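Colleague: test case, fold it:
(one chain, ligands or ions: 2)
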Amino acid sequence: MTVKIAPSILSADFARLGEEVRAIDQAGGDWIHIDVMDGHFVPNLTIGPAVIKALRPHTARPFDVHLMIDPAQPFIEDYAKAGADYITVHAEADLHIDRSLQLIRSLGKKAGLSLNPATPESVLEYVLDRLDLILVMSVNPGFGGQSFIESQVEKVARIRQMIGDRPIELEVDGGVTAEIAPRLIKAGATAFVAGSAVFKTPDYAGNIAALRGL
Ligand code: DX5
Ligand code: ZN
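Modeller: Ligands and ions are numbered 1, 2, ... in the order given. Coordinates of the predicted model:
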């Protein structure tokens with residue numbers, strides 16, 4: 001099974017977002033990773049449902065929407081309507097994780113839960129059967145281009161054990177490079193988010209292939 005690559009448009013040219021989404025689609029990106037930040041849960045502010053809706057006609061690839069917002073629950077329906085396929089909320093920003101995950105699935109979307117680097121994987125234990133995706137943050141969320149936090153390799157391996165044979169994607173986000181990727185695959189990751197590693201040069205296809213180890 002080849003690992004899925006989800007280029008993060010946080011590192012794209014925001015003045016040409018539609019074009020950039022088409023370019024990563026043509027370059028073989030599996031999912032489009034969309035970082036939503038609120039300037040409160042994380043110290044940065046990005047885009048919301050209006051921009052996601054505007055991007056929707058530019059590709060048929062799944063939109064992997066990473067909500068770094070607190071609260072997230074009141075806005076989940078807006079992101080579903082805007083065209084998200086995966087909707088991921090943060091464990092640290094939600095007192096009612098179980099309810100949010102149920103809501104996402106009830107809207108016909110895939111439910112994801114993200115953990116900051118210091119958050120233990122035990123928070124997943126009682127919601128495993130409500131999850132389609134687990135997003136392990138390997139940087140402190142807020143910005144692209146940060147360095148990978150090594151301790152998260154072990155967290156990925158532990159989560160892989162917890163998942164067992166459930167059909168849950170295990171995605172790693174932050175500082176992932178072609179050098180780090182093989183160790184994460186070995187630990188059990190099935191998908192990578194990559195911002196700088198994809199957008200660092202105009203050869204998006206080559207950069208995506210390198211992350212797959214090709
Ligand atoms: C960070 C975001 C990431 C970020 C990844 O808060 O969640 O998706 O864009 O960018 P790189 O790959 O450059 O670390
Ligand atoms: Zn992200």
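Colleague: leaving out the residues flanking it, which one is nearest to residue 52?
Modeller: Counting by C-beta to C-beta, 6 or more residues apart in numbering, residue 52 lies nearest to residue 82, which is 4.1 Å off, once chain neighbours are set aside. For glycine as for every other residue, the C-beta is placed from the backbone atoms N, C-alpha and C.
Colleague: cool, residue 88 as well?
Modeller: residue 112 (3.1 Å).
Colleague: and that neighbour, how many residues sit next to it?
Modeller: 24 (other C-beta atoms under 10 Å).
Colleague: who is it paired with across the strands?
Modeller: Bridge pairing for residue 112 (DSSP bridges) gives the partners residue 88, residue 133.
Colleague: how near is it to residue 103?
Modeller: Distance, residue 112 to residue 103, using C-beta to C-beta, to the nearest Å: 13 Å.
Colleague: can you confirm residue 197 is in a helix?
Modeller: Yes. Residue 197: assigned to a helix according to DSSP: H, G, I helix; E, B strand; the rest coil.
Colleague: does it touch residue 173 like I think?
Modeller: No. The criterion here is C-beta atoms under 8 Å, and residue 197 misses it with residue 173 at 11.7 Å.
Colleague: surely residue 41 and residue 75 touch.
Modeller: No. Contact criterion C-beta under 8 Å: residue 41 and residue 75 do not qualify, at 11.9 Å.
Colleague: find residues that contact each of those two.
Modeller: By C-beta atoms under 8 Å, 6 or more residues apart in numbering, residue 41 and residue 75 have these common neighbours: residue 69.
Colleague: which helices and strands does the strand or helix carrying residue 158 pack with?
Modeller: Secondary structure assignment for residue 158, by DSSP states H and E: helix 152-163. Other elements packing on helix 152-163 under the criterion 3 or more C-beta pairs under 8 Å, 6 or more residues apart in numbering; DSSP states H and E are strand 133-137, strand 169-173, helix 181-187.
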